[in-house]
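[1] pasted the sequence and its predicted model underneath.
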2 protein chains.
Amino acid sequence: MKSREVRLVSRPVGLPKPEDFTVVEIDLPDPGEGEIAVKNVSLTVDPYMRGRMVDRKSYVAGFELSETLTGGAIGRVEASNDSNFSVGDYVESSWGWREAWVNSTRGVRKLGELKAPASAYLGILGMPGMTAYVGLLDVGQLKEGETVFVSGAAGAVGSAVGQIAKIKNCTAIGSAGGPEKAQHLVDDLGFDHGIDYREGNLTQQLMQCAPQGLDVYFDNVGGDHLEAALNCMRPNGRLPLCGAISQYNATEPVPGPRNLAIAIGSQLTLKGFIVSNYNHLRDDFMRDMTDWVLSGQLKYRETIFEGIDNMPDAFIGLFTGANTGKMIVNLE
Amino acid sequence: MKSREVRLVSRPVGLPKPEDFTVVEIDLPDPGEGEIAVKNVSLTVDPYMRGRMVDRKSYVAGFELSETLTGGAIGRVEASNDSNFSVGDYVESSWGWREAWVNSTRGVRKLGELKAPASAYLGILGMPGMTAYVGLLDVGQLKEGETVFVSGAAGAVGSAVGQIAKIKNCTAIGSAGGPEKAQHLVDDLGFDHGIDYREGNLTQQLMQCAPQGLDVYFDNVGGDHLEAALNCMRPNGRLPLCGAISQYNATEPVPGPRNLAIAIGSQLTLKGFIVSNYNHLRDDFMRDMTDWVLSGQLKYRETIFEGIDNMPDAFIGLFTGANTGKMIVNLE
């Protein structure tokens, strides 16, 4: 079995460029004892991967130059020397950025038969969906009837956050870049308010949407969004800190929120989290979210690129606004 | 009974000036039904009062111009029409900034006989001590053996934070302005390290004192201190946000920490708190802290001004570094 794979040839400075990547073809061995051979079906690119491309301390190890990149992948077992995996089983692995792989089953999650399209298990039923679920309900301690603001609301995590808030009978406000995305939040996803953050002062827009203030701000952006949200938080508000996409490509430090002192008087809790430390909630997540997806309460949107050669462009597109919803690379 | 009292005549801009205050003498009535007459013995000035002197939303109501200021006070009952209070009882009230008062006993806490000097009940056994106690142990969730950094460590709250950390077998690092204050932390209060924040890069100084990183940062300062602490936090670190003294006199917004995104990967919790919402821990606090004070494990230092006429100067001195430990105004 052959596989074509994407490697990093230079560390991106600022916005990544196509020349930072290369695609190579390799021959895979037959699976050894305890190993499986898997053909990938659907691959993911995510903003956090940008952080792994620089040469500094992070919470996940950095990517090495000239090694094949890794990331989420849904694949189908083609040959198996592990009795827990059968040919035809679908699996989730971190052996993405490649067409196929042969390796041990350590860290590989068996999905068996799929109830939804393969790509859904990279998004709404995968890491982004689980990030939304644990971030809003556990880290954010959402209660019925509260008001939630989420930034990056047209993205994979953000769109799920707003919809889960609605399922929990809360008011959902989302921000996105541009009037179409803002309208999409309301028309297609059922948010109460969609804010185009390019359209004037963010604090004022928030105060108009939520004159009573915010109970939870789910932060995917950092920077000016965090500052605006702090201006509008109600006492005892919670701010799950999930991402800081505004800062991933910054070569200079981005100014922090100048109004963090508001957190003292209003007794706010800002809490950073990494979804991989919430595996104790995985069963709850899979049960609830699969139900909500199959019943149509929880919608998701994907931007799909086709073929391994287009994967670098898909990744770069994350930072230029090319996607609405989850960015996916399908291989079949 | 006569009382001389301090009033605000103009709202300070930047550093408060003596001309922003005036002292007036008034005649007090005899106590009515349910009221007591109290002669104040010891008064407090605190940085948070600066926030109440401006005309904007805060978590406590603002001071009105031409009304007598309020604040913590320890006094002695001189006459009583409330059967729960006897002549000679010591009481804690918010009727500070004045020599004496007559009022109902609502919000007045009976201390009875004092086990320590009156001023201690405004500091180590009062609001600052309780702020340190609940902020470190409850908000900060301190565990034995951890490493604690506290800013403003020569102040009333900060000096208690470091000493409680030592009592709990933790490593205590404090920062203060100037080499004498930094040395005082180690020599007199038993901190493991005292940092003079004026002496070079704060992040580098912290990394030298705590190469293993910080578990708790008790923030009394905000600004550059918070940014330096974020650079040094260990995973799952907690940051009780107690004060932002660097910002009280700022007329322009102070830059926020540029590195808040570190909170995501390291799963940090930043939590603002107000001590008045932790009254459920008051009995624990009084029992533990009185024991530690009487046994000599917990030391406190005071800077004492004498007489009501010097109270504005005592207050202004909070922002010019005139105090080590709690700033007190004694009336007898």
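    Sure, I can see it.

[2] all contacts plus neighbour counts: C-alpha atoms, from now on.
    Noted.

[3] would you mind listing what in chain A touches chain B?
    Contacts of chain A with chain B, taken as Cα under 8 Å from any Cα of the partner chain, map to A:58-59, A:222, A:241-244, A:253-261, A:263-274.

[4] switch the cut-off to 7 Å
    Residues of chain A lying close to chain B by Cα under 7 Å from any Cα of the partner chain are A:59, A:241-244, A:253-261, A:263-274.

[5] filter those down to the buried ones.
    A:241-244, A:254-261, A:263-274 (16 or more other Cα atoms under 10 Å in any protein chain shown).

[6] tell me which of the residues you listed fall in helices.
    Counted as lying in helices by DSSP state H, out of these, are A:263-265.

[7] now do the helices in chain A.
    A:48-52, A:127-134, A:156-167, A:179-187, A:202-209, A:223-232, A:262-265, A:282-294, A:311-317.

[8] can you redo those as a markdown table with mean pLDDT?
    Listed next are these as a markdown table, based on pLDDT from 0 to 100:
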| stretch | mean pLDDT |
| --- | --- |
| helix A:48-52 | 86 |
| helix A:127-134 | 94 |
| helix A:156-167 | 95 |
| helix A:179-187 | 95 |
| helix A:202-209 | 97 |
| helix A:223-232 | 95 |
| helix A:262-265 | 92 |
| helix A:282-294 | 95 |
| helix A:311-317 | 97 |
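
[9] got TSV for the ones you listed, with distance to A:Glu33 too?
    Compiled in TSV, the helices of chain A are given as follows (distance: least, Cα to Cα, whole Å):
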stretch	distance to A:Glu33
helix A:48-52	31
helix A:127-134	29
helix A:156-167	37
helix A:179-187	49
helix A:202-209	57
helix A:223-232	50
helix A:262-265	55
helix A:282-294	29
helix A:311-317	32
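
[10] which of these sits most buried?
    Of those, the one with the most neighbours on average (mean count of other Cα atoms under 10 Å in any protein chain shown) is helix A:156-167, at a mean of 26.

[11] list the contacts of that one.
    Residues outside helix A:156-167 that contact it (Cα atoms under 7 Å, 6 or more residues apart in numbering or on different chains) are A:123, A:128-129, A:131-133, A:136, A:150-153, A:171-172, A:174, A:189-191, A:298, A:325-326.

[12] how about a cut-off of 6 Å?
    Residues from elsewhere that reach helix A:156-167 (Cα atoms under 6 Å, 6 or more residues apart in numbering or on different chains): A:128-129, A:132, A:152-153, A:172, A:325-326.

[13] ok, A:Ala79 - how many residues close by?
    A:Ala79 has 18 neighbouring residues, counting by other Cα atoms under 10 Å in any protein chain shown.

[14] list the contacts for it?
    The contact partners of A:Ala79, by Cα under 6 Å, 6+ apart, come to A:36-37, A:87.

[15] where neighbours are concerned, which of the residues you listed has the most?
    Most neighbours among the contacts of A:Ala79, by other Cα under 10 Å: A:Ala37, with 25 neighbours.

[16] returning to what we had before: from the residues of chain A next to chain B, which ones fall inside strands?
    A:241, A:269-272 (DSSP state E).

[17] turn the ones in helices among the buried ones among the residues of chain A next to chain B into CSV, columns for distance to B:Leu43.
    Supplementary listing: these in CSV, determined by distance: Cα to Cα, whole Å:
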residue, distance to B:Leu43
A:Ala263, 28
A:Ile264, 24
A:Gly265, 23
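
[18] low-confidence ranges in chain A?
    A:56-61, A:244-254 (pLDDT under 70).

[19] measure the residue positioned nearest the centre of it to B:Ile264 for me?
    With distances taken as Cα atoms, centre = their mean, the residue of chain A nearest its centroid is A:Pro128 (3.7 Å). Remark: distance between A:Pro128 and B:Ile264 (Cα to Cα, to the nearest Å) = 15 Å.

[20] so for A:Cys170, what's the nearest residue that isn't a sequence neighbour?
    Leaving aside its sequence neighbours, A:Cys170 sits nearest to A:Gly145 (Cα to Cα, 6 or more residues apart in numbering or on different chains; 4.5 Å).

[21] measure that neighbour to A:Met207 for me?
    Counting by Cα to Cα - A:Gly145 and A:Met207 are separated by 18 Å.

[22] dump the residue contacts of A:Gly307.
    The neighbours of A:Gly307, taking Cα under 6 Å, 6+ apart as the test, are A:Leu331.

[23] need the residues that contact stretch A:308-326.
    Residues outside stretch A:308-326 that contact it (Cα under 6 Å, 6+ apart): A:45, A:154-156, A:301-303.

[24] now the two most distant members of the residues you listed.
    Greatest spatial distance in those: A:Val45 and A:Ala154, 15.8 Å, computed using Cα to Cα.

[25] settle it for me: which of these two has more neighbours?
    Neighbour count, other Cα under 10 Å: between A:Val45 and A:Ala154, A:Ala154 has more, with 28 against 25.

[26] how long is stretch A:48-62 end to end?
    Termini of stretch A:48-62 sit 11 Å apart (Cα to Cα).

[27] and stretch A:145-165, by the same measure?
    End to end - Cα to Cα - stretch A:145-165 spans 9 Å.

[28] how far off centre is it?
    Centroid separation between stretch A:145-165 and its chain, computed with Cα atoms, centre = their mean, to the nearest Å, is 12 Å.

[29] equivalent analysis for stretch A:182-197, please.
    The chain centroid and the centroid of stretch A:182-197 are separated by 19 Å, computed with Cα atoms, centre = their mean.

[30] what do you get for stretch A:295-302?
    Relative to its parent chain, stretch A:295-302 has a centroid offset of 15 Å by Cα atoms, centre = their mean.

[31] show residues contacting it.
    If you take Cα under 6 Å, 6+ apart as the criterion, stretch A:295-302 is touched by A:292, A:325-327.

[32] which one of these is nearest chain B?
    A:Lys326 (20.8 Å; Cα to the nearest Cα).

[33] check the burial of the closest one by counting its neighbours.
    26.

[34] before we move on, what about A:Gly96?
    A:Gly96 has 26 neighbouring residues, counting by other Cα under 10 Å.

[35] please tell me how far it sits from A:Phe218.
    A:Gly96 sits at a distance of 28 Å from A:Phe218 (criterion: Cα to Cα).

[36] so A:Thr203 touches A:Ala228, yeah?
    Yes. Counting by Cα atoms under 6 Å, A:Ala228 is a contact partner of A:Thr203 at 4.7 Å.

[37] my guess is A:Gly112 contacts A:Tyr90, does it?
    Yes. The criterion here is Cα under 6 Å, and A:Gly112 meets it with A:Tyr90 at 5.1 Å.
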